[in-house]
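A.B. asks: following is a predicted model, sequence given first.
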Amino acid sequence: MSKLDTAPYKGVRDFYPEDQFIQNYIFNVWRKTTESFGYEEYSASILEPTEIYTEKSGEEIVQKQTYTFTDRGGREVTLRPEMTPTVARMVAAKQRELGYPLRWYSIPNLFRYEATQRGRLREHWQLNIDIFGISNIQADLEGIEVAYRIMRNFGASDSDFEIRLNYPTGTGNDLKAVIQQLSDRGITNVIIDKELARGQAYYTGVVFEFFDTNKENSRSILGGGRYDNLTELFGGESLPAVGFGAGDVTIKDFLETHGLLPEYHSSTQIYIAVISEGQFAAARQLADELRAAGLYIAVDWSGRKVGDQIKIADKRKIPYIIVLGEDEARSQTYKLKDLKTGEEIVGSVSSLKLELAKKSASLLSRRAEDKAL
């Protein structure tokens with residue numbers, strides 16, 4: 001029998017724990033920042049009727065750049081390449097029931113069949129935020145400010161990125177007002193780019209994109225603008241809207257280039273290394289007591305040498321370890337070791353709980369600092 005290839009499908013990624021840690025970090029900053037402005041999360045299926053893309057993007061683009069197929073019922077279906085048509089469909093479906101202004105966000109995975117290169121894959125995740133029901137410039141300003149705050153919450157300085165604006169369907173007097181009002185909000189790394197014209201045909205007003213000032217990353221980090229008529233495609237009334245999308249691939253490239261990625265650490269706080277099978281019951285009881293104190297505990301049931309168990313804990317970057325042998329099980333006195341500093345604390349479960357609470361608070365504090373929030 002021939003062996004199967006271990007590589008993932010071209011243009012997509014596997015996420016090992018260290019990769020998922022970075023992905024979760026990016027998602028957490030996106031969520032916390034977006035929700036701080038009053039946006040609520042929504043979601044939808046990755047499958048959409050193909051017609052919602054052909055109507056605006058055109059048949060040729062859909063057939064060449066999307067994953068489109070005919071299902072068993074004879075329906076044309078597409079793996080979503082973007083989220084804006086989906087949210088417009090959802091809003092149009094309940095347009096008279098929803099309260100406005102409506103602030104929604106999502107972090108969907110999206111698919112495009114195209115050549116892979118730095119900053120662009122065939123599958124990625126993307127933060128989408130949209131505000132519906134505000135026709136004045138305040139919605140545009142808020143969209144740009146949310147994007148700006150996201151960048152700052154990742155630890156970026158204003159010199160690390162620039163905001164490019166254009167109004168391809170208007171005259172441009174509006175852009176000066178936008179720049180002035182952004183300056184009033186403390187956002188000054190803004191320029192007018194007359195060449196900027198977002199690829200989607202549904203934009204009706206100001207458009208914007210954020211770019212890394214380091215030329216190593218040439219693709220835009222995020223982009224969006226005003227689209228006031230998209231709900232009409234689904235039989236709804238015209239509804240003013242502003243939104244943007246920020247991809248996980250481009251933001252990870254940006255963070256890596258500027259040294260802003262957090263250091264990986266395991267979610268497990270304490271690793272219990274068990275000397276022999278005779279202590280398994282005691283290890284289980286100890287783990288239960290520590291978990292009851294709100295700590296994250298892993299027990300090594302492998303029966304390997306203690307030295308090997310410690311190496312595993314260290315390799316996985318688990319901060320603390322308890323070695324459980326016959327003496328510890330009988331006396332119920334345990335030695336907690338910090339694998340980074342070598343510091344040891346000896347005591348009963350009760351006394352360790354107090355020390356672990358302090359250690360946990362310190363650890364959580366360090367993690368909060370890592371997230372730059």
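C.D. replies: Structure's in. What do you need?
A.B. asks: drop to CA atoms for contacts and neighbour counts, all remaining ones
C.D. replies: Noted.
A.B. asks: so Trp30 belongs to a helix, correct?
C.D. replies: Yes: under DSSP: H, G, I helix; E, B strand; the rest coil, Trp30 falls within a helix.
A.B. asks: distance check, it against Asp140.
C.D. replies: Distance, Trp30 to Asp140, using CA to CA, to the nearest Å: 19 Å.
A.B. asks: quick one: which of those two has more around it?
C.D. replies: A direct count of neighbours by other CA atoms under 10 Å for Trp30 and Asp140 places Trp30 higher, at 26 against 23.
A.B. asks: now that one, nearest residue through space, not along the chain?
C.D. replies: Distances taken as CA to CA, 6 or more residues apart in numbering place Ile150 nearest to Trp30, at 6.4 Å, with adjacent residues excluded.
A.B. asks: again with Arg149
C.D. replies: In space, and not counting its chain neighbours, Arg149 is closest to Thr33: 7.0 Å by CA to CA, 6+ apart.
A.B. asks: and the one you found, helix, strand or coil?
C.D. replies: helix.
A.B. asks: tell me who's in contact with it.
C.D. replies: The neighbours of Thr33, taking CA atoms under 8 Å, 6 or more residues apart in numbering as the test, are Val146, Arg149, Ile150, Asn153.
A.B. asks: how near is it to Ile129?
C.D. replies: Thr33 is 11 Å from Ile129, where distance means CA to CA.
A.B. asks: same question, Leu110
C.D. replies: From Leu110 across to Ile129, the span is 15 Å (CA to CA).
A.B. asks: between those two, point out the one with more neighbours.
C.D. replies: A direct count of neighbours by other CA under 10 Å for Leu110 and Ile129 places Ile129 higher, at 27 against 19.
A.B. asks: surely the more buried one meets Phe244?
C.D. replies: Yes: contact criterion CA atoms under 8 Å: Ile129 and Phe244 qualify, at 5.7 Å.
A.B. asks: helices and strands around the longest strand along the chain, which ones?
C.D. replies: Scanning the chain for the strand with the most residues, using DSSP state E, yields strand 123-132. With contacts taken as 3 or more CA pairs under 8 Å, 6 or more residues apart in numbering; DSSP states H and E, strand 123-132 sits against strand 102-106, strand 109-111, helix 137-153, strand 241-247, helix 248-257.
A.B. asks: got the angle between the last one and helix 137-153?
C.D. replies: In other words, helix 248-257. Computed by axes from the mean of the first three to the mean of the last three CA atoms, to 10 degrees, the angle separating helix 248-257 from helix 137-153 equals 50 degrees.
A.B. asks: what helices or strands is helix 248-257 leaning on?
C.D. replies: If contacts are counted by 3+ CA pairs under 8 Å, 6+ apart, helix 248-257 sits against helix 17-36, strand 123-132, strand 220-226.
A.B. asks: any idea which of the ones you listed is most buried?
C.D. replies: Across these, averaging neighbours per residue (mean count of other CA atoms under 10 Å) puts strand 220-226 on top, at a mean of 24.
A.B. asks: so what are the sheet partners of that one and their directions?
C.D. replies: Applying DSSP bridges, strand 220-226 is found paired with strand 207-212 (antiparallel), strand 241-247 (antiparallel).
A.B. asks: Lys252 and Gly74: what is the separation?
C.D. replies: To Gly74, Lys252 is 39 Å away according to CA to CA.
A.B. asks: who has more neighbours out of the two?
C.D. replies: The neighbour comparison of Lys252 against Gly74 (other CA under 10 Å) goes to Lys252, with 18 against 8.
A.B. asks: hey, which helix or strand in this protein has the poorest pLDDT?
C.D. replies: Ranked by mean pLDDT, DSSP states H and E, the weakest helix or strand in the chain is helix 349-370, scoring a mean of 67.
A.B. asks: re earlier: shared neighbours, Ile129 and Phe244?
C.D. replies: With CA under 8 Å, 6+ apart as the test, Ile129 and Phe244 both reach Gly143.
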